[in-house]
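Enquirer: Predicted model and sequence below, questions to follow.
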Protein chains: 2
Amino acid sequence: MRRWNGWGDEGVTYPVPAGAWDFLEAMLGPGMTPRDATLPEVVSRVPPSRLPPHPLVSTDPEQRVRHALGQSLPDWIAARSGRVPAFPDGVAFPSTHEEVRELIRYAEAAGARLIPYGGGTSVVGHLAVLPGADPVLSVDLGRMSQLVDFDARSHLATFGAGVKGPDLEACLRARGFTLGHFPQSFEYSTLGGWVATRSAGQQSLGYGRIEDLFAGGRMEAPAGTLLLPPFPGSATGPDLRQAVLGSEGRLGILTEVTVRVRPLPQAEEFAAVFFPEFEHGLEAVREMVQSDVPLSMLRLSMPAETATSLVLAGHEKLMRLLERWLALRGAGSGKCMLILGVSGTRGRVRRALRQALAIAGSHRGVYAGRRFGHEWVKHRFRSPYLRNTLWEMGYAVDTLETAGTWTQVPRLIEAIEQALHGGLADQGEKVYVFTHLSHVYRHGSNVYTTYLFRLSPDPEENLRRWQVLKSAASRAIVACGGTISHQHGVGIDHLPYLEAEKGALGMDLLSALCRTLDPGGIMNPGKLVCREVAP
Amino acid sequence: MRRWNGWGDEGVTYPVPAGAWDFLEAMLGPGMTPRDATLPEVVSRVPPSRLPPHPLVSTDPEQRVRHALGQSLPDWIAARSGRVPAFPDGVAFPSTHEEVRELIRYAEAAGARLIPYGGGTSVVGHLAVLPGADPVLSVDLGRMSQLVDFDARSHLATFGAGVKGPDLEACLRARGFTLGHFPQSFEYSTLGGWVATRSAGQQSLGYGRIEDLFAGGRMEAPAGTLLLPPFPGSATGPDLRQAVLGSEGRLGILTEVTVRVRPLPQAEEFAAVFFPEFEHGLEAVREMVQSDVPLSMLRLSMPAETATSLVLAGHEKLMRLLERWLALRGAGSGKCMLILGVSGTRGRVRRALRQALAIAGSHRGVYAGRRFGHEWVKHRFRSPYLRNTLWEMGYAVDTLETAGTWTQVPRLIEAIEQALHGGLADQGEKVYVFTHLSHVYRHGSNVYTTYLFRLSPDPEENLRRWQVLKSAASRAIVACGGTISHQHGVGIDHLPYLEAEKGALGMDLLSALCRTLDPGGIMNPGKLVCREVAP
């Protein structure tokens, strides 16, 4: 059974070695396990539904609790404390385009608002129900998850938008293909959700972001049906796929998605390299991507993240050996771990690995074999489970991210870490911060920062701590000219910072898209854009 | 001096061997050189300007003639016959963003319409002045062509939008870089024009379409200034760069463009392969692109195009030898020529060529060395000059194009060729048709068809012939589910077919973009979209 107030399956835990607790206690002070509200407690607080009855709509309170929130830290604070600001008034599980249209008509007649629901994994508040006078219906796409069409000649597959990562990959694997889209939320997140939030998978360097994989599809909007044909290329004006990508439920409900797939790679490798200092790693990674080495991923952890990963990994004896060996080769406390991945034919894998390691070597990188890479792959979808473990020990963990040009990246990292690091100093609380680059491009990189702080027994205080930190880091990103989100989306958490990058006119364009497909403003209001442009 | 009523520089001619005329005469009947209007004749017909005087605006009649038309066949018929439907009332050559804004304000005050003008190479009517009551100002970006910023670390270069292909490449080459965008119009077309029309260069397989190269920029619109930062990746809702790409002058005037550049390749090769039948070539090309062979281009000509190219190339003796040799190896009258290109390090070039030739060999392809490839490269920007030569001998030549999935491609080719082939049968005129694929993707390809027909002495009749053929081919494309344009854009020629692919709601979205950035409807009206959505 899926956790209702945390990440993942209830049966899966992520125990951490004792050393990790000592490490955290030294960094942040001792944690105190907060008292969590129970599911029955929260279910008992669900108010009566304001929706008129409809055969497709369930008003079951537990369903309403389970669709009330995503996975942002404010969502967690709400769920764990039981102080959920608002619940959807009902949940629908449509199976066909016609049922989705029927639900839109029903919502229009009932004066209700609609929140499309994929895997419930948003970390920026896409799914939050904003308190208000209008009833809210969550539309769960979970039943629209079939393979609709497969064109092996053109490497195109069409699925119901509600298909989850593992089901999609299993279905493609049976045909000898893969999509290659593996965001950390892979276990639960859905194809439609990936498109609606402009998701980037861990191997986007090789397979592309969802923008590159999304070939076409179908959206049911209040104003009608939008069909997007899977042209390989077209010069017929603005590409409407790009309006749907990142639409965050504001334009309509994606019901069907056609994706570009690839044959399963013959071979796949993940290897680790350590650099004595971050600057060496940064230059190596930039050179690899700018030299067209055909890698599927590059993930460079800064020193604090490298140290944290090694502590969390346990294996104390092995670690001591590794550290001694690295120290001999010049990589000491400032060392940075790079995980690189490569997929393809055996020859290509071998060649790309050789090229990458040659570049790494020229930047003082020390090849550490495939073990760390394989450990990383094995646990690639596991780290969100760590949030459960940490919370239960009294620590909140959140991540934030941006992207900028290679020229901007060092300044972005410094500004974000600085903003977070001292963010709670006025109340004597410390913040533990570490960063990696996991999505690199020829002309820049994302910057992905994790930060931990102690939980207070008071949920309001926890929310305040998060707000102080999130706001400080977001302002730092804006000041350095980074994008407010490289891979998480806008939702409600990034909305205040969006105009700084889109401009007033850009916000008008977004509002115009919303007003055209959703003239009544019933689709997921309050997310992405809050202004309506004057007609 | 640039030709005012044809392609390119007046000093450049494209003589064709005598054999080519015999070939054409056999195909279409003897041509009759039409009488062209002279520049002074046309200049003398330019009516007085309706624009109020402004220091930035020239009303010189010759400038107005030179900015009245692009390079579509209707444009040619108008220019050659001297029956130009309408001229701009003035031409401005702004040098700064502020001057562009000043021109927008001036146009608003004067009730004028603005047509942004880059290189004047549009083949679908983007630049045509539509007759009407409002004065029209052509805004030539030719003076905004400087390198504004160069970030060698991030492989980003920012230029004034009016920079022409050769100037842009020369400027980058001096720094060891290239954009790699080489449309056939390269000699004259501009960076801003490429973005505004979603251009695809001949080596887009390796370097990407302009969509992949356009990192950001600046647009001056009636509603204000739109700044697009060059983020390497972002998840902040719909990507507004994609609204500007293909905006065809409807949203505003692009003044500055940041592009993703690459170091100049160490080596570059172009080679030719012949296949006995088109189906073999098609399968080989699909396999190459779906196997990730890192090629920079693939251009597969069908039998008629292959034969025509060989006739036009002259070298009769060499050709006879080649044909004999190919016949021995199974490639006879149905033979198809593939030109493949590869760029990069010497090792990569060698490896990619070896991989590609192995695939070609497995589909009965016969490697014909590098000579044809190098000939093609040498003349890659020359073929538009052939239009002049042919016109002067009494033949019209036009091209049209689409794209579809690999599953759709064979049907598209057949339907287009069939529609054109018999298109003028009712008046006893023949049409000579040939096709190639020049932009291939993992999941499909463009289809690029050239067609020739005889000119009548009556320009109205020539226009009618073109309309009959264009309409028949366009309807065939729509019926087969192809896009109405893969690389030329919409303009006025493709406008009637756009709704079939975008849908009514999609057209509403395009109109909403226009209305937001250009509430008064003064930007290049009548192109791309003609409907205004109700407020």
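Expert: Everything's here; your move. Numbering: from 1, shown residues only, chains lettered A, B, ... in the order given.
Enquirer: Give me the helices and strands touching the lengthiest helix in chain A, please.
Expert: Looking across chain A with DSSP state H, the single longest helix is helix A:495-517. Secondary-structure packing of helix A:495-517 (3 or more CB pairs under 8 Å, 6 or more residues apart in numbering or on different chains; DSSP states H and E): helix A:459-479, strand B:224-228, helix B:495-517. The C-beta positions use only the backbone N, C-alpha and C, and glycine is treated the same way.
Enquirer: could these go into CSV alongside mean neighbour count?
Expert: Listed next are the helices and strands packed on helix A:495-517 as CSV, based on neighbours: other CB atoms under 10 Å in any protein chain shown:
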stretch, mean neighbour count
helix A:459-479, 19
strand B:224-228, 20
helix B:495-517, 21
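Enquirer: Quick one: these as CSV, columns for mean pLDDT and distance to B:L340 too.
Expert: Shown next, in CSV, are these (pLDDT from 0 to 100; distance: least, CB to CB, whole Å):
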stretch, mean pLDDT, distance to B:L340
helix A:459-479, 98, 44
strand B:224-228, 98, 34
helix B:495-517, 97, 30
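Enquirer: export those to CSV and tack on distance to B:G237?
Expert: Conversion of these to CSV gives the following (distance: least, CB to CB, whole Å):
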stretch, distance to B:G237
helix A:459-479, 16
strand B:224-228, 13
helix B:495-517, 14
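Enquirer: Looking at those, which is nearest to B:A304?
Expert: helix B:495-517 (25.0 Å; CB to CB).
Enquirer: farthest residue from the center of chain A?
Expert: Largest separation from the mean C-alpha position in chain A: A:L328, at 37.8 Å (CA atoms, centre = their mean).
Enquirer: which helices and strands sit right next to the helix or strand where A:L282 lies?
Expert: Using DSSP states H and E, A:L282 maps to helix A:278-290. Helices and strands touching helix A:278-290, by 3+ CB pairs under 8 Å, 6+ apart, are strand A:267-275, strand A:297-301, strand A:336-344, helix A:346-362, strand A:440-441.
Enquirer: swap the cut-off to 6 Å and go again
Expert: On a contact count with 3 or more CB pairs under 6 Å, 6 or more residues apart in numbering or on different chains; DSSP states H and E, helix A:278-290 meets strand A:297-301, strand A:336-344, helix A:346-362.
Enquirer: Go through that helix and flag the buried ones.
Expert: Neighbour-count burial for helix A:278-290, counted by 16 or more other CB atoms under 10 Å in any protein chain shown, picks out A:278, A:280-286, A:288-290.
Enquirer: burial of A:P166, as a residue count?
Expert: By other CB atoms under 10 Å in any protein chain shown, the residues close to A:P166 number 12.
Enquirer: Per-residue pLDDT of it, please?
Expert: Looking at A:P166, its pLDDT reads 98.
Enquirer: what residues does the strand or helix carrying it touch?
Expert: Using DSSP H and E, A:P166 maps to helix A:165-173. With contact meaning CB atoms under 6 Å, 6 or more residues apart in numbering or on different chains, helix A:165-173 is reached by A:147, A:178, A:186, A:189, A:191, A:261.
Enquirer: how does it look with 7 Å?
Expert: Contacts to helix A:165-173, defined as CB atoms under 7 Å, 6 or more residues apart in numbering or on different chains, come from residues A:145, A:147, A:157, A:159, A:178-179, A:186-187, A:189, A:191, A:261, A:264.
Enquirer: Can you give me the buried ones in it?
Expert: A:165, A:167-169, A:171-172.
Enquirer: Name the next helix or strand downstream of that helix, please.
Expert: Taking DSSP H and E, what comes next after helix A:165-173 is strand A:177-178.
Enquirer: Any idea how far the very next helix or strand once past that next one is from the middle of the chain?
Expert: Scanning forward in sequence from strand A:177-178 by DSSP H and E, the next helix or strand is helix A:191-197. Relative to its chain's centre, helix A:191-197 lies at 11 Å (CA atoms, centre = their mean, to the nearest Å).
Enquirer: what about helix A:191-197, average pLDDT?
Expert: On average, helix A:191-197 scores 98.
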